[in-house]
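In: here you go, sequence then predicted model.
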Amino acid sequence: MKFGRREIIAAYVLVAPFVISYLVLFIYPTIKMVELSFTNAPLIGAGDWVGLANYVKLSKDNLFIQAALHTGYFVLLTVIPTTLIGLAIAMMVSRLNGWLQSLVLAAFFLPYILPVTVVYLIWTWMLDLQFGIAQYAIELFHGSRVAVFRDRYWAMPTVAFVTIWWTNGFNVLLFIAGLRNISQDIYDAAALDGASRWQMFRNITWPLVWPVTALVLTIQLILQLKIFDQIYLFTQGGPFNSTYVMVQFIYKNAFQLNRGGYAATVAVALFAVIVVVSVLQYQVLRVRGGKS
């Protein structure tokens, strides 16, 4: 099928705003960030070319290594749990009908639309050592109340829990959309053959919803590698740097220590990690889905 000159011009006109915006707002800043990472420039202003010195320094920076490990720990605490929880909630919500389904779905999605500052206020109140209502549950299972954001063992898991509560509504919506694409006739045929609920899930639901699962895992991996807001508000990286993460390391070097070149080096490293890990994960998950 051949397109006329008018159709081709119309296509270029429609695509041009996105391409220009992408080049100006993403490609150009990315190139400048890479260039800046090879200098000792401050946050604002020019600097001298230092080559790979920043990257060599970064590989020996203990605080950066700690931040990378803490970021990885946070990813382990959130990515797979929030995906599985989202799928479980979506399967339960999909069994409801009418206004009740809409009401329950809205209840799960409501936290997702809250600003991070509101989430911070809600959970600092709920987890307050003296007056927080969540401390009753902690006291029941732990035996005593805990200042969770000032305890190095509780701080990161607590921030991870709050993050799952806050962001999981979006995952639920994605899974609901995936489940609705599965024909009810398939389940009816399986029921006639005597399949149990577990067999239906293992042989029908899980393989057919796998592409959505791969998408959710990839999105969550990218988002959680960039964790900053919750950490900065709840713990400021403490106690004793136990929740210090990579984006906070970038923030400190850029805006507090005025090391623009070094901060750009960390940003490039994080960008490379996100690209490589997310692409590899998505490809592995896609291959896994093709074999299921």
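Out: On my side now, so go ahead. Numbering: from 1, shown residues only.

In: switch to C-alpha atoms for all contacts and neighbour counts from now on
Out: OK.

In: which residue is nearest the centroid of this protein?
Out: Nearest residue to the geometric centre of the chain (C-alpha atoms, centre = their mean): L223, 2.4 Å.

In: where does it sit, in terms of helix or strand?
Out: Assigning secondary structure by DSSP states H and E places L223 in helix 206-225.

In: same question for M33.
Out: helix 28-36.

In: from the chain's centroid, how far away is that helix?
Out: 24 Å (C-alpha atoms, centre = their mean, to the nearest Å).

In: returning to what we had before: show me the contacts for the residue nearest to the centre of the chain.
Out: Taking C-alpha atoms under 8 Å, 6 or more residues apart in numbering, we find L223 in contact with no residue.

In: what does the one 5 residues further on give?
Out: With contacts defined as C-alpha under 8 Å, 6+ apart, the neighbours of F228 are V245, V247, Q248.

In: now D128
Out: Q135, A147.

In: wait, is Q236 part of a helix?
Out: No. Assigned with DSSP: H, G, I helix; E, B strand; the rest coil, Q236 falls outside any helix and is coil.

In: count of neighbours near it?
Out: Q236 is flanked by 18 other residues according to other C-alpha atoms under 10 Å.

In: if I look at it, how far off is Q230?
Out: For Q236, the distance to Q230 equals 9 Å [C-alpha to C-alpha, to the nearest Å].

In: do Q256 as well
Out: Applying C-alpha to C-alpha, the value for Q256 to Q230 is 19 Å.

In: settle it for me: which of those two has more neighbours?
Out: Between Q256 and Q230, counted using other C-alpha under 10 Å, the more crowded position is Q230 (18 against 10).

In: wait, that one touches T158, no?
Out: No. Q230 is beyond contact range of T158, at 10.4 Å (criterion: C-alpha atoms under 8 Å).

In: returning to that earlier point: give the buried residues for the helix holding L223.
Out: Buried residues in helix 206-225, counted by 16 or more other C-alpha atoms under 10 Å: 206-218, 220-222, 224-225.

In: one more: stretch 73-91?
Out: Result for stretch 73-91 [16+ other C-alpha under 10 Å]: buried residues 73-75, 77-79, 81-87, 89-91.

In: shaky segments in the chain?
Out: Along the chain, segments meeting pLDDT under 70 span 1-3, 288-292.

In: which parts of it belong to which domain?
Out: Domain assignment for the chain by automatic domain parsing gives 1-34, 71-258.

In: if I look at T39, how far off is N253?
Out: According to C-alpha to C-alpha, T39 stands 14 Å off from N253.

In: same drill for these two, tell me which one is more crowded.
Out: Neighbour count, other C-alpha under 10 Å: between T39 and N253, T39 has more, with 23 against 20.

In: so what pairs up with that one in the strands?
Out: W49 (DSSP bridges).

In: the helix or strand encompassing E7 to helix 28-36, inter-axis angle?
Out: Using DSSP H and E, E7 maps to helix 5-22. Put simply, helix 5-22 runs at 40 degrees to helix 28-36, going by axes from the mean of the first three to the mean of the last three C-alpha atoms, to 10 degrees.

In: show me what contacts the nearest residue to G178 once chain neighbours are set aside?
Out: Take G178 and drop its neighbours on the chain: the residue closest to it by C-alpha to C-alpha, 6 or more residues apart in numbering is V209, 5.8 Å away. Each residue near V209 by C-alpha under 8 Å, 6+ apart is listed here: F175, G178, L179.

In: of those - the most surrounded one?
Out: The residue in the contacts of V209 with the most neighbours, by other C-alpha under 10 Å, is F175 (27 neighbours).

In: looking at the domains of the chain, which one is packed in the most?
Out: Ranked by mean neighbour count, these are led by domain 71-258 with a mean of 17 (mean count of other C-alpha atoms under 10 Å).

In: from one end of it to the other, what's the distance?
Out: End-to-end for domain 71-258, by C-alpha to C-alpha: 23 Å.

In: no further queries at this time; thank you.
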